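> Kindly generate the corresponding structure for this input.
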Amino acid sequence: MKLHPPLRIAAPSLFGLLCLATGGALADAASLIVVEDRGGVSAWPYYQSLNLRPRQDQPLAPSLSAPHPSQQRFSETDMLPVRSGRLSPGEEPRRVIQASGLRPMFLVGDDDHSRQWLRERAAILGELKAVGLVVNVASADALATLRGLVPDLTLSPVSGDDLAERLGLHHCPVLVTATGIEQ
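As a prediction, the model looks like this:
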């Protein structure tokens, strides 16, 4: 390929400048400064498993050890009591939602209104294969009593505050399906 005469003279100079600029950038790469660190988990254990040889100009990194999981067994009783400050017994207006793929679930508490609601709707909840979240319950005995009302349904103690906030709920008991919220 023929270069225009002025480019023929400038090409070697431009090539030299390019090499100098690239070499300088590569030299600076070894002395990078962390501008922002959002925390998180160190990736060092993953690199350790690769058994990489350290560079000659860098000291060895300190060895890290992962914390050992507790050998103590936890049970459902350890999650009790459950208190959901955003949900109380009462009437919740029926409304339509669009949450395709959402598995039917119901929220109940350990109160007379929820117990009556469970008795009346046990068959419907079973047909829907709805999962029950007990959002206000004080003890394992109270949870067992609720489970005794609907032995074929799953009832799990869990705080309902986040769900209540996301769905705009204030009261329970309530049934939540992919298409609506109702009592």
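> roughly how far apart are residue 40 and residue 91?
45 Å (C-beta to C-beta, to the nearest Å). No exception for glycine: its C-beta is placed from N, CA and C like everyone else's.
> okay, those two: which has more neighbours?
residue 91 (10 against 6; other C-beta atoms under 10 Å).
> To what extent is the closest residue to the more buried one other than its chain neighbours buried, counted in neighbours?
The shortest distance from residue 91 to any non-neighbouring residue, by C-beta to C-beta, 6 or more residues apart in numbering, is to residue 171 (6.1 Å). Residue 171: 18 surrounding residues under other C-beta under 10 Å.
> Report pLDDT for residue 171.
Residue 171 carries a pLDDT value of 97.
> residues near residue 149, how many?
16.
> Model confidence for it, exactly?
96.
> Next one: it from residue 94, what distance?
23 Å.
> go on, residue 122?
Counting by C-beta to C-beta - residue 122 and residue 94 are separated by 20 Å.
> Equivalent analysis for residue 41, please.
To residue 94, residue 41 is 45 Å away according to C-beta to C-beta.
> More neighbours: those two, which one.
Higher neighbour count among residue 41 and residue 94: residue 94, with 11 against 8, using other C-beta under 10 Å.
> from what I can see that one touches residue 176, true?
No: using C-beta atoms under 8 Å, residue 94 is not in contact with residue 176; the gap is 11.4 Å.
> Cheers, nothing more for now.
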